[in-house]
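Novice: Sharing a model that was predicted from the sequence below.
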Amino acid sequence: MAGLGQRSDKGERPQGAAACRIGIENRVLRIEATGDWSIVHLDPVDRELRAVTSGEIEADRAIIDFSGISRFDTASATVLERTAFFLGERGLKVDLTGVNDAQQLLLDKIDSCGIPEPVRVPGPPLYIEILGKIGETTRAIGAEARGMLGFIGGVMSAIWRTILHPGRFRMVPFVHHMEKSGFDALPLVCLLTFLIGAVVAQQGAVQLRTFGAEVFTVNLIAIIFLREVGLLLTAIIVAGRSGSAFTAEIGSMKMREEIDAMRTLGLDPMDMLVVPRVAALMITLPLLTFIADIMGLIGGGLVVQVMLGMSPAVYIERVAAAVDFWTIAVGLIKAPFMAAVIALVGCRAGLSVTGSAESVGSMTTSSVVRSIFLVIVLDALFAMFFTAVGV
Amino acid sequence: MAKKGEPIIEVEGIDTRFGDHVIHENLDLTVKRGEVIGIVGGSGTGKSVLLRTILGLKKPDAGRVRVFGIDFTTLPEEERRKNEQRWGVLFQDGALFSALTVAENIQVPYREHLHLSQQLMDELAAIKIAMVGLRDTAGALYPSELSGGMRKRAGLARALALDPEILFLDEPTAGLDPIGAAAFDELINDLKETLGLTVFLVTHDLDSLHATCDRIAVLAEKHVILVGTIDDMLRSSHPWIHEYFHGPRARAALAGK
């Protein structure tokens, strides 16, 4: 075979690095290993030896000489042991010479581990994998929908129990969550809705001006904010802020087995964790929405005053003329439903955390994505409903 | 190659504080090449903190640490990384990378520091997996699919990937069943024998101390109060050491020997 009988190490290798002289004489294959055989220098000699054992060998005996090796470790022992094993498989009688005690110890250790079979994970063909993914996802969606329905039922019955026995209601966590998901969200909600109100007004004014209808900017802001945007923005902010917090809080409790501990102490996690959160969010989201509506109108009003020169008094008057009771009511009626969706999705995701820390992370992500998705779907359904009933 | 018995880890006058809370005060410890040293001490005496200080994960407030005769804090980045390859660490729960399989975990140091063919890396990973006593099917599993004991073994396999000179073990037998723990002790002895390892063993496990340690260092009162063999420990009159090595559990562990 090619390369046999020549000195096989090449010039670019560092001084003293692992080398092996491979040669055949009188049907005896001699492999003389020299130099530093630690793992750092192992790759080139590994390739050479692999080429030898996989190529044609015109020999009946093999001698592997260790006496020139200056450094030896488990990796080099693995490579040489493997070489000896494969030569043996090919019907050669293999002798190892010049092996010192420490090397022998390592060789024996590797030998006792067995010749390594490279770790490989066989995968199915691509189309099967794609089909499998689709099937799995479909099944998971079905299972999730069923699970969510069951969870909603569980929460409903817990709420019913609370109504029958008001003493069971956990006042302290309820107030705590109102503060955390409602009061603490105020600055963010106010700032964002104020800015969006201003942006909508500015864009509206620019577009409507081309028709000479810039006074209707006020109607645009008032209706869009009170009916849709105020609530949607708030719900999305709350889903990102509080929905994720619910999942992370409950999820890490689940991970530390606190939920199991509650059960063994005769406490119902539904009563302790879920009901207060759902109730708190159902109260705070409408309130936040109302404030968001006001802030959006203020933001819009400011822009209208600057761009159209409309005084605040006239602005308020025009807003009042543009909206009626139902415009505001449509926005606020939707709020508790969205709050329930966000809280239920968040709590359920938290309770479905399994043991590991990464599942808290992935459940939190999916809880936010799911609740925002559902909030928007719900909003579309409400839009259809309100159109149908004609408000 | 350095000789057996010379100091390999030298800790001199370490102070460690967390705010006002003093963990170590003027702590000295020398570990010799080729020995298994067990670090014992009550909970909160800073055994793991000492381990982290030696590894350079925590900067001491005073004093210095030399490993392989080198003060790592003064070393340029490149040199430090090179020398860090000379030790392996097994953290309490294995600290395996959760996104990688066991075999890939073991191959991380190969991939990062060396140029090896995939085939050779696969073979080496398989050998390490066999060495720590895992079944060869374990290589394709993710850490979340392993039991606690298997995770520790897999963590050990990764720590051994580059044939380190020092092996740091943080409570390796905690949480293992007695059979698994005994097998782990045996594994440590075996590896020390074949690979010529120096082992720095933080443990609470009296059986482990008896089975593996050449010397034991006792951490109490903010520093190392005694270093010596198990017989030295048994002879010591210090109340905590006496309590530790003559308590009911210690007697049971000794009786088994």
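Specialist: That came through, no problem.
Novice: backbone phi and psi for residue B:157, please?
Specialist: Phi and psi for residue B:157, reported as degrees, to the nearest 10, are phi -60, psi -40.
Novice: which residues sit in contact with residue A:83?
Specialist: Residue A:83 makes contact with A:31, A:49, A:52, A:53, A:64 under the criterion Cβ atoms under 8 Å, 6 or more residues apart in numbering or on different chains. (Each C-beta comes from the backbone N, C-alpha and C, glycine too.)
Novice: got the residue ranges for the strands in the stretch 1-150 of chain B?
Specialist: B:7-18, B:21-32, B:36-41, B:62-67, B:70-71, B:87-90 (DSSP state E, counting those that start in this stretch).
Novice: Let's have these in JSON lines, adding mean pLDDT.
Specialist: Converted to JSON lines, the strands of the stretch 1-150 of chain B look like this (pLDDT from 0 to 100):
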{"stretch": "strand B:7-18", "mean pLDDT": "86"}
{"stretch": "strand B:21-32", "mean pLDDT": "86"}
{"stretch": "strand B:36-41", "mean pLDDT": "88"}
{"stretch": "strand B:62-67", "mean pLDDT": "86"}
{"stretch": "strand B:70-71", "mean pLDDT": "82"}
{"stretch": "strand B:87-90", "mean pLDDT": "88"}
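Novice: Make TSV out of these and add mean neighbour count and distance to chain A.
Specialist: Shown next, in TSV, are the strands of the stretch 1-150 of chain B (neighbours: other Cβ atoms under 10 Å in any protein chain shown; distance: least, Cβ to the nearest Cβ, whole Å):
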stretch	mean neighbour count	distance to chain A
strand B:7-18	18	17
strand B:21-32	17	18
strand B:36-41	24	17
strand B:62-67	18	19
strand B:70-71	13	18
strand B:87-90	22	12
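Novice: could these be laid out in a markdown table, adding distance to residue A:259?
Specialist: A markdown table is the format used below for the strands of the stretch 1-150 of chain B (distance: least, Cβ to Cβ, whole Å):
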| stretch | distance to residue A:259 |
| --- | --- |
| strand B:7-18 | 31 |
| strand B:21-32 | 32 |
| strand B:36-41 | 34 |
| strand B:62-67 | 43 |
| strand B:70-71 | 48 |
| strand B:87-90 | 31 |
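Novice: Enumerate the residues of the stretch 101-250 of chain B near chain A.
Specialist: Residues of the stretch 101-250 of chain B found near chain A (Cβ under 8 Å from any Cβ of the partner chain) are B:101, B:103, B:110, B:114-117, B:119-120, B:122-131, B:136, B:139-140, B:144, B:160, B:162-163, B:190, B:193-196.
Novice: Helices - which of those land there?
Specialist: Residues of these located in helices (DSSP state H): B:103, B:110, B:119-120, B:122-131, B:190, B:193-195.
Novice: For ChimeraX, what selects the buried ones among those?
Specialist: In ChimeraX syntax, the buried subset of those is picked out as below (16 or more other Cβ atoms under 10 Å in any protein chain shown):
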select /B:103,110,120,122,123,124,125,126,127,128,129,130,131,194,195
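Novice: Now whichever residue of the stretch 151-257 of chain B sits closest to chain A, what are its backbone angles?
Specialist: In the stretch 151-257 of chain B, the residue found nearest to chain A is residue B:163; the distance is 4.1 Å by Cβ to the nearest Cβ. When read as degrees, to the nearest 10, the backbone of residue B:163 gives phi 50, psi 70.
Novice: okay, the contacts of residue A:83 in JSON lines with pLDDT next?
Specialist: Shown next, in JSON lines, are these (pLDDT from 0 to 100):
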{"residue": "A:31", "pLDDT": "85"}
{"residue": "A:49", "pLDDT": "85"}
{"residue": "A:52", "pLDDT": "82"}
{"residue": "A:53", "pLDDT": "80"}
{"residue": "A:64", "pLDDT": "85"}
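Novice: Tell me if residue A:95 really is in a strand.
Specialist: Yes - according to DSSP: H, G, I helix; E, B strand; the rest coil, the state of residue A:95 is that of a strand.
Novice: Quick one: residues contacting it.
Specialist: Taking Cβ under 8 Å, 6+ apart, one finds A:61, A:62, A:63, A:64 in contact with residue A:95.
Novice: which stretches of the stretch 1-150 of chain A form strands?
Specialist: A:19-25, A:28-36, A:61-71, A:93-97.
Novice: Quick check: which of those strands is buried the most?
Specialist: strand A:28-36 (a mean of 20; mean count of other Cβ atoms under 10 Å in any protein chain shown).
Novice: counting contacts, what elements does it pack onto?
Specialist: strand A:19-25, helix A:42-54, strand A:61-71, helix A:74-89 (3 or more Cβ pairs under 8 Å, 6 or more residues apart in numbering or on different chains; DSSP states H and E).
Novice: Going by distance to chain B, which of the contacts of residue A:83 wins?
Specialist: After measuring the contacts of residue A:83 against chain B - Cβ to the nearest Cβ - the closest member comes out as residue A:49, at 10.2 Å.
Novice: Could you report the separation of that closest one from residue A:36?
Specialist: 16 Å (Cβ to Cβ, to the nearest Å).
Novice: still on that earlier bit, tell me which of the strands of the stretch 1-150 of chain B sits nearest to residue B:253.
Specialist: Closest to residue B:253 of these is strand B:36-41 (Cβ to Cβ; 12.5 Å).
Novice: Just the CA coordinates for the lowest-mean-pLDDT helix or strand in chain B, please, in PDB.
Specialist: When each helix and strand of chain B is scored by mean pLDDT, DSSP states H and E, helix B:248-255 comes last, with a mean of 72. Taking Å, rounded to 0.1, in the frame of the first residue of the first chain, the C-alpha atoms of helix B:248-255 are listed here in PDB:
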ATOM      1  CA  PRO B 248     -22.300   7.100  65.200                       C
ATOM      2  CA  ARG B 249     -22.200   7.400  61.400                       C
ATOM      3  CA  ALA B 250     -18.400   7.500  61.400                       C
ATOM      4  CA  ARG B 251     -18.200   4.400  63.700                       C
ATOM      5  CA  ALA B 252     -20.500   2.600  61.300                       C
ATOM      6  CA  ALA B 253     -18.300   3.600  58.300                       C
ATOM      7  CA  LEU B 254     -15.200   2.500  60.200                       C
ATOM      8  CA  ALA B 255     -16.600  -0.700  61.300                       C
END
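Novice: and it, how far out from the chain's middle?
Specialist: On the basis of Cα atoms, centre = their mean, to the nearest Å, helix B:248-255 sits 24 Å off its chain's mean C-alpha point.
Novice: any residues touching it, and which ones?
Specialist: Residues outside helix B:248-255 that contact it (Cβ under 8 Å, 6+ apart) are B:206, B:207, B:209, B:210, B:244.
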